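Asker: what shape does this take:
(chains A and B)
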Amino acid sequence: MTTTIQHPPRAPGAGTQARRPRRRGLGPHERQQRRMFWPFTAPALIAYAVLFLAPVGYAVWTSLYKWDGMGAMQWRGLKNYQVLFQDPVFRTSLVNTLELMFVGGAITFLISFVLTLVLREMKARLFARSVLFFPSLVNGMVFGIAAGFLFSPTGPVNQALHLLGVTTPPKWLSTADLFPMVLGTVIWTATGYYTSIIMAAVDQIPDYLYEAAELDGASAFQRFRHVTLPCAWDVISVCAVLWTVSSVKIFELILLFGGSTNSLPPVDSWNTALYVYAEAFPRATVPRLGMATAAAVVTLLMVTLVTVVLRRVLRRDPIEY
Amino acid sequence: MPSRRGSAAVRIGTAVVWAVVAANLLLLLWIFLTSLRSGPDILKHNFGLPTLPRFGNYGTALGQGGFARAALNSVLTAAGSSLVAIALAAPCAYALARRRSRTSSALTMTFALGLGVPGQVLVVPLFVGLAKVDLTDSDLGLALVYVGLAMPFTVFLLTGFFSSIPGVLEEAAVLDGAGPLRTFLQVVLPVARGGLITAFLLQFITGWNETLFAIVLTSSQSKVTLPVALASFVAAQQFNGLDYGTMFAGVCIILAPMIALFSWMGTRIIQGMTTGIGK
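Answerer: Alright, predicted model coming up:
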């Protein structure tokens, strides 16, 4: 975040008094900014409070009740959470969510680093970067539908494999293989985005650092290890947090993966977002809003916890250059 | 000079990058070509040029598939909610960027906290709340939800943007006797146009692709947005037999604005999505 450099210059001696209202010595500009503060912030704040903060609170509250959305709410306290963790479907969803977060994250970042390393030394890197970035602007269900066709039993992938002499290709879209396919697609679409962010940071690293490293005989990997990584560390740690938050939001990709939304995809490929959706808006049974919100709250707590830990672990002294 | 091993690795890496780039482009091309072919033809030859480009697939998608109405709804909700979100967020972000006090940093913090809340936490409460005021299955309700969801990121992005604009301009305006509102509208906003456009674009893209809330909050054919229309079309395929041509026409309809926006303002979009989050 930027600093206070742009702060309007004050009259000498006003600095110490500026914090206290009703003191003299404030410029007209300063006084104006004080007056405009609440009228300017209030509309956004109200929208945010009504449409965002209050619902979060309401979700926490609902998660303590048994409720079908129509009848009366029945107090259950923390029992919803207890039931949740005994539910094998939720446990599968939770494990998948964690797998997306950690395994997906590790692979995505590893590939992003390699891509950054390569793209730095490459011609037409802006074009390549743009094409790699584009999938992050595409609705996940597009990839789900495309994969459903490409990997169908008689689909192009299997036909190509057949030509190569593979007679028994993997059952790509079988229940057991569905989730790894989802994971792969997520990695495919996310790497371009994270590569772009990391590259934006890398572009700001002054060239002389690389030149110096080269003169010292550092290989491309060593330059990455000793120049790029430390200088871009801040941004990388922000990316890690960003990934944590966005990985739990994955929804439509899983919902439509394999192009089959007869009702819902097989439970084996669910994450907690799908669990929440399935519990709250089931096709045939009674909604269980308490369970749904409890699952959502668990996800929120998980994100918070991982974020806090990540910020701790990834914190480094800032490097100035 | 980089070492020999290094340069070989870089060469392999470059090849891999271009392979992935090619795969992305081919996927897009394949989706487009498939959208111009007939179902049986696609099943017989998965890859292939359309013998006769069947633009009729688009007609079917827009008409029977309901994609025309859905596209209109998508444009309206995405554009409308983005406009409102920015109209609300801009003054707020400006005030937060300019005023440095404990209240302002607490508010900035409050907005930033929202960045960490996944949508599924809000989906049940918002559904229940909107049902109470009779705004479910309504584009207005969906747009309202998008405005709320947009607040944390838009305020966050614009705060960063406003604080990078020098304050000298406003001081001059104030000395000339302009009130805060006039200073903001006539001096600050024109200067901030670039940031506002970026924020609008990013929000529009988010709204265009948003699926969870759209599925939950809209259902009747005249209200659904494109992602929902596509999802229900795919579901209906299970019974009607697979009309891949029409399905991919639908996919193209959802993709086209993103491709257009990206080829037109790609750098701005990448910058917005990266600098808003990076440094």
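Asker: where exactly do the helices run in chain B?
Answerer: Here chain B has its helices, by DSSP state H, at B:4-34, B:39-44, B:56-63, B:67-98, B:102-113, B:120-132, B:139-163, B:168-175, B:180-182, B:189-191, B:193-209, B:212-217, B:226-240, B:244-275.
Asker: out of these, which comes closest to chain A?
Answerer: Comparing those against chain A with C-beta to the nearest C-beta, the closest turns out to be helix B:139-163 (2.5 Å). In short, each C-beta sits where N, CA and C put it, glycine included.
Asker: touching chain A at all, the closest one?
Answerer: Yes: against chain A, helix B:139-163 shows contacts by C-beta under 8 Å from any C-beta of the partner chain at B:Leu144, B:Val145, B:Val147, B:Gly148, B:Leu149, B:Met151, B:Pro152, B:Val155, B:Gly160, B:Ser163.
Asker: burial count for residue 131?
Answerer: Since you didn't name a chain, this refers to chain A. A:Val131 has 21 neighbouring residues, counting by other C-beta atoms under 10 Å in any protein chain shown.
Asker: correction: the question concerned chain B.
Answerer: Using other C-beta under 10 Å: B:Ala131 sits among 14 other residues.
Asker: one more: A:Thr304?
Answerer: Using other C-beta under 10 Å, A:Thr304 has 15 neighbouring residues.
Asker: so what's B:Leu181 up against?
Answerer: A:Met36 (C-beta atoms under 8 Å, 6 or more residues apart in numbering or on different chains).
Asker: on that earlier part again, columns mean pLDDT on top of the helices of chain B, output as JSON lines?
Answerer: Below are the helices of chain B laid out as JSON lines (pLDDT from 0 to 100):
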{"stretch": "helix B:4-34", "mean pLDDT": "85"}
{"stretch": "helix B:39-44", "mean pLDDT": "69"}
{"stretch": "helix B:56-63", "mean pLDDT": "86"}
{"stretch": "helix B:67-98", "mean pLDDT": "96"}
{"stretch": "helix B:102-113", "mean pLDDT": "94"}
{"stretch": "helix B:120-132", "mean pLDDT": "96"}
{"stretch": "helix B:139-163", "mean pLDDT": "95"}
{"stretch": "helix B:168-175", "mean pLDDT": "84"}
{"stretch": "helix B:180-182", "mean pLDDT": "86"}
{"stretch": "helix B:189-191", "mean pLDDT": "92"}
{"stretch": "helix B:193-209", "mean pLDDT": "94"}
{"stretch": "helix B:212-217", "mean pLDDT": "95"}
{"stretch": "helix B:226-240", "mean pLDDT": "84"}
{"stretch": "helix B:244-275", "mean pLDDT": "89"}
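Asker: tell me which of those helices sits nearest to A:Leu53.
Answerer: A:Leu53 lies closest to helix B:102-113 among the helices of chain B, at 7.8 Å (C-beta to C-beta).
Asker: and the contacts of the closest one?
Answerer: Taking C-beta under 8 Å, 6+ apart as the rule, helix B:102-113 contacts A:Phe37, A:Thr41, A:Leu45, A:Tyr48, A:Leu53, B:Ala95, B:Leu96, B:Met151, B:Pro152, B:Val155, B:Phe156, B:Thr159.
Asker: I'd guessed the third one sits against B:Cys92; true?
Answerer: Yes: the pair A:Leu45 / B:Cys92 is scored as a contact, 6.7 Å apart, by C-beta atoms under 8 Å.
Asker: so for these two, which sits in the more crowded spot?
Answerer: B:Cys92 (26 against 19).
Asker: neighbours around B:Asn73, how many?
Answerer: B:Asn73 has 24 nearby residues by other C-beta under 10 Å.
Asker: correction: A:Val313
Answerer: A:Val313 has 9 neighbours, counted by other C-beta under 10 Å.
Asker: now it: phi and psi?
Answerer: A:Val313 adopts backbone torsions of phi -70, psi -40, taken as degrees, to the nearest 10.
Asker: quickly note the distance from it to A:Tyr208.
Answerer: 31 Å (C-beta to C-beta, to the nearest Å).
Asker: buried residues in stretch A:79-91, which are they?
Answerer: A:Asn80, A:Tyr81, A:Val83, A:Leu84, A:Asp87, A:Val89, A:Phe90 (16 or more other C-beta atoms under 10 Å in any protein chain shown).
Asker: where's the residue lying closest to A:Gly192 once chain neighbours are set aside relative to B:Trp18, distance?
Answerer: Of all residues not flanking A:Gly192 in the chain, A:Leu132 sits nearest, at 3.4 Å (C-beta to C-beta, 6 or more residues apart in numbering or on different chains). For A:Leu132, the distance to B:Trp18 equals 11 Å [C-beta to C-beta].
Asker: about what we covered before: next, the angle from the one helix or strand the residue nearest to A:Gly192 maps to to helix B:244-275.
Answerer: Applying DSSP states H and E as the criterion places A:Leu132 in helix A:125-133. Taking axes from the mean of the first three to the mean of the last three C-alpha atoms, to 10 degrees, one finds helix A:125-133 and helix B:244-275 inclined to each other by 120 degrees.
Asker: contact partners of helix A:125-133?
Answerer: By C-beta under 8 Å, 6+ apart, the list of residues contacting helix A:125-133 from outside reads A:115, A:119, A:122, A:191-193, A:195-196, A:199, B:17-18, B:20-21, B:24-25, B:262, B:266, B:270.
Asker: repeat that for 6 Å
Answerer: For helix A:125-133, the surrounding residues in contact (C-beta atoms under 6 Å, 6 or more residues apart in numbering or on different chains) are A:Leu119, A:Gly192, A:Ser196, B:Val17, B:Val21, B:Asn24, B:Gly266, B:Ile270.
Asker: likewise for stretch B:184-199?
Answerer: B:Ile86, B:Thr154, B:Leu157, B:Leu158, B:Phe161, B:Ile165, B:Leu169, B:Glu170, B:Ala173, B:Arg268, B:Gly272.
Asker: and the nearest residue to the last one once chain neighbours are set aside, how many neighbours?
Answerer: It refers to B:Gly272. Spatially, and ignoring its direct neighbours in sequence, B:Gly272 is nearest to B:Thr198 (3.8 Å; C-beta to C-beta, 6+ apart). B:Thr198 is flanked by 21 other residues according to other C-beta under 10 Å.
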